[in-house]
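> just the structure for this:
(3 chains)
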Amino acid sequence: MSDVLAKSAGKSGEQLREGAGAKGLVPLRQGGAPLQAVSAEKVSPAPGEDIRIGVFVCKCGTNIAGFLNTNAVMEYARTLPNVVFARENLFSCSEAGVTDIRNGIKENNLNRVVVAACTPRTHEPVFRAACEEAGLNKYLFEFVNIREQCSWVHKGNQEIATEKAKDLVRMGVARATRLEPKEDITADVRQVALVIGGGISGLTCALSLAKRGFLVKLVEREKELGGLLRNINRLFPSDVPASSVIAEKIDQARKDARIEILTSTEVTDIRGYIGKYSVTVSSNGKEPAAVVGIEPEATSAGGSGAHEGAPATKTFVCGVIIVATGAEELVPEGYFGYDGKKIITQMQLEGMLKQGKPEGKRFVMILCAGARIRERIYCSRICCMNSIKNAILIKESMPDASVHILYRDLQCYGVKNEELYLKAKHLGVKFVNYTLENLPAVEPGKVTIRNSVTGKEMILDADFVVLAPPLVPRPGVENVSRMLKVPLDENKFFLEAHVKLRPVDFATDGIFVCGTAHWPASSSESLFQALGAAARASIPLSRGYVKVEPIVSELVDEEACRGCGMCAAACPYGAIEIVETDKGAKARMISVACKGCGVCAATCYKSAIGMSHYTDEQLEAQVKAYLKGN
Amino acid sequence: MLDAGRHPNIEILAYSEVEDVKGEAGDFKVTVRKKARFVKEEVCNACGDCAAKCPRKVPDEFDMRLRDRRAIYLYFTQGIPAVMTIDKSNCTYFEKGKCRLCEKICQKGAIDFEQKDETVELSVGSIVVATGLDMFDPSPLTHYGYGRIKNVITGLEYERLINATGPTGGHLYRPSDKKLAKNVAYIQCVASRDLNYCKYCSSVCCMYAIKDAMLAREHDPEAVSHIFYTDFRNVGKWFQDYEIKGRELYGIDYVRARVAEIEEDKDGNPVLWYEDTRERKVKKLTVDMVVLAVAAIPAKGSEKLAQILGINLDEYNFVSVGEEDPTRTSRPGIFSCGFCNGPCDIPESVSQASAAAMRAAEFVLPEAKVAVNE
Amino acid sequence: MAEVLVIGGGIAGIQASLDLADMGAKVYMVERRPSIGGVMAQLDKTFPTNDCSI
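Numbers count the residues shown, from 1 in each chain, chains lettered A, B, ... in the order given. So this is what the prediction gives:
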């Protein structure tokens, strides 16, 4: 590792130049995982050597073969210049398919590989690894998408789809002839994690990482730690007081010397890149940012101890970031006559239950108040169970109370939730189904509802009408999204790398998400996600380094660069700086921060910047190849 | 799957079972039985020549018994490890001492009838249980006719029919007469949310019924789908959108009803009797095929495994986990994740798995020595 | 080397194994069927994105 870094130190410690690839086993920091030996003796064509391309066309079961003639595409590929081998696979991503690629490379001395299959987002790493294992540099591999970009969008016309697939393969082959071997860029990882948000998710994540020995900076913008759980009475399905759960976590975090807690503090700026984020935080100006961790005299429950003389802003470096900014209950203004007094929310009811019995005997709870409607399509997952939980608490403390729950679909998924639903029914909670077409009408003291099962109108007297609004992201998520350059979905929840297979990762390496910032979740579901995010974050932390793809910007014509700074200004990732050199002001690329978006190259009016692995020459070759056939 | 097979730190012991666990957190001694495949794993390349000639047909478990495999078989095409296995209990040689055709045909000499089960002793610091699920057999629910009416199938059987690698190459040929099933009814909560069988909700069926109906329409633009549901469970990310898409783009007919009974007409078409609770009318619907969303249950053998591991299960044989530490089982050092903890979908299984990994790691990996002042 | 046993080679078992292995542990993944993949391997596509399950 040290000779890799030494080689790449060059003019500046920041810029890690490609080409400084790993040799032999890469030693890691303690606790890191050794990887397979990576040979530096890669098979690459020598200058002047013939290009020998192998094309593998994937049927993807029926996903591709069901909508275009993959055999014809394979036969066509054989006729293309430089193609010496072509093959069709049922599933290229299977072990058989990958073995085929490896064998194909070795047996035919291929020095370029084209796979025509699904999207690179699924299996590009698999095919690249197959090339590497066969001794071919993994960047001499070209992925042609004939599924999302062809078979799936031209399902009605096999002939057209097949011709388009041939065009795409011809273009891919043309690009492949101009690919060059590249090496991943390696960056050191600081073994410090930033956790944004001090609710149950943030605290659990921080405690878990600290237990593994990493340092954690826990930043919470409110004065108190605890998030949503501060306002909740009891949790479901465990029926334990939320306050005791959160108090215990806060106490553990305060006592852990590895966790630095900064309350009344917000993240205001993040620069840098995975492994080395430079984070600036500042307090709200009214109280200094408090550093609470190992000082035994910290303080009253929930409050942060003021530390005299603490600075209002602070900058530190961390290796990974976990977003745990939580969510809040929508204030259901305009829904069902909400007034906050007699027509209240479940969170307000939580407050009443925490203080004792609410003053009233007749409760009508209305679910989906502001959710599962045109303006807000999503189901907020936990409101049904939260309401059932509170209904049970009311009935257990006041058996003669009347509780009606008006619902559209009851979300009692799983084992324990369904048990609670049955328990509620046994206790005499009445469940009444309503539809979107016939919403309950709410007046002070009375709810009129058309029971969708009986078809009859019911008039329910109510001391309290309790609405269950959805959880919505907290204000300020757009700032966090912008600072971290991570996306939000259409509901402003953070958007993970893959909804199923990478639910707590972002597509950007080194940043993770958990809890209700990601999607409404119960406390136990948040715990899973928090521990899961901690697990994922601990991987680069424990390895001590990350590898970044060398698909980055390059100064291809240093002579032409005037150091005007337009590229740096345009770069959304802060990956370019202008520095003074002995040839004048020039742009310098911070490769590890670069996401390869190409905006800099497009901005540069001197054409001084190019994109590695997506060079103008490669793209022009693709365009010409397309035009040639049409 | 491929990542797991290729990772240098992961050793896969497939066709194996845990037989005994001793010790305590940080120092467990585990006995694993590697069952004999009678095929040399390091030699076999799964070419399939043996299976092509094997004379014994056996219902294929992977394909939900909708087609046959051979006594020597590959569990599924993309499986890892990609190695053939001889099913000893259905092999002519093991039964009668004759045949051994596979051995004669195998060009790599990979067959080894002398192979024995192997016992492996492992020393591990912690254990993660991730034994998954099985499907409830709906035969006892005689009013649905599963087993009696050929064209009443389960959700997982449907998955195999609609799958390109399945017994019908992805075409929805119904079991009785191989006619293309164009009009399909999906019945939710079969043995789930049922006081007689599984009181709980299996959590994933509402969503997979929509998915199945979408796939049917993708395979056949004339496909018509009816989903009979009780409460629609769409709690996850984008799940509600999915339901709406099913209705608006794929024309799925959602009917709030518990189907009371399924009969069969003379052409083998299932006939459903139900009360549409919205219209309060008893109705009858004839379809080409019925798909039962049966309850998902803990994997077979969970009770025995729990005894070996010394962990508690709940009344349904799901693993009992801590409330505040939801991957923790009743035995220190043993963690649990995924469906074996209770019904959950893929995103939940994945994050639970990462959570369990983090907990398990605490027992085995050294702490990073990072100076507090750094 | 630190060692962990994972019982089950479905999606949860595989994910737990990968995370542990990436963290630096040696993982034994025991699966009773002839290959790993679990129930997910039997599925064609998976909700809500309808991409393939393999």
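
> excluding covalently adjacent residues, which one is nearest to A:Ile459?
The shortest distance from A:Ile459 to any residue other than its chain neighbours is 5.3 Å, reached at A:Thr448 (C-beta to C-beta, 6 or more residues apart in numbering or on different chains). For the C-beta atoms, the positions are set from N, CA and C on the backbone; glycine is no exception.

> the one you found: what's it in contact with?
With contacts taken as C-beta atoms under 8 Å, 6 or more residues apart in numbering or on different chains, A:Thr448 has the following neighbours: A:Pro440, A:Ala441, A:Glu457, A:Met458, A:Ile459, A:Leu460.

> equivalent analysis for A:Phe431, please.
Going by C-beta under 8 Å, 6+ apart, A:Phe431 touches A:His404, A:Ile405, A:Tyr407, A:Leu410, A:Ala424, A:Lys425.

> before we move on, back to that, ok but the residue nearest to A:Ile459 is inside a strand, no?
Yes - for A:Thr448, which was evaluated using DSSP: H, G, I helix; E, B strand; the rest coil, the result is membership in a strand.

> that one bridge partners, please.
Here A:Thr448 shows beta-bridge partners A:Ala441, A:Ile459, assigned using DSSP bridges.

> before we move on, the earlier item: quick one: the contacts of A:Phe431 as TSV, columns for pLDDT and neighbour count too.
What follows is the contacts of A:Phe431, written out as TSV (pLDDT from 0 to 100; neighbours: other C-beta atoms under 10 Å in any protein chain shown):
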residue	pLDDT	neighbour count
A:His404	98	23
A:Ile405	98	24
A:Tyr407	97	21
A:Leu410	95	22
A:Ala424	98	22
A:Lys425	97	12
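
> quick one: which of these is nearest to chain B?
For chain B, the closest of the contacts of A:Phe431 turns out to be A:Leu410, at 4.5 Å, with distances computed as C-beta to the nearest C-beta.

> and that closest one, what does it touch?
A:Cys384, A:Tyr421, A:Phe431, B:Asp231.

> how about A:Ala587?
Applying C-beta under 8 Å, 6+ apart, the residues near A:Ala587 are A:Leu555, A:Cys561, A:Gly563, A:Gly565, A:Cys567, A:Ala568, A:Ile576, A:Glu577, A:Ile578, A:Cys600, A:Ala608, A:Ile609.

> for it, name its beta-bridge partners.
Here A:Ala587 sits in beta bridges with A:Ile578, as judged by DSSP bridges.

> for B:Glu17, same thing?
Beta bridges link B:Glu17 to B:Arg33 when assigned by DSSP bridges.

> name the helices or strands packed onto the longest helix along chain B?
Residue-count comparison of every helix in chain B, with assignments taken from DSSP state H, identifies helix B:346-364 as the longest. Here helix B:346-364 is seen to pack against helix A:523-543, strand B:126-129, strand B:334-336, strand C:3-7, helix C:11-23 when contacts are counted using 3 or more C-beta pairs under 8 Å, 6 or more residues apart in numbering or on different chains; DSSP states H and E.

> what is the least confident helix or strand in the chain?
Here I'm looking at chain A. Of all regular secondary-structure elements in chain A, judged by mean pLDDT, DSSP states H and E, the least confident is helix A:2-9 with a mean of 32.

> wait, I meant chain C there
None of the helices or strands of chain C scores lower by mean pLDDT, DSSP H and E than strand C:51-52, at a mean of 72.
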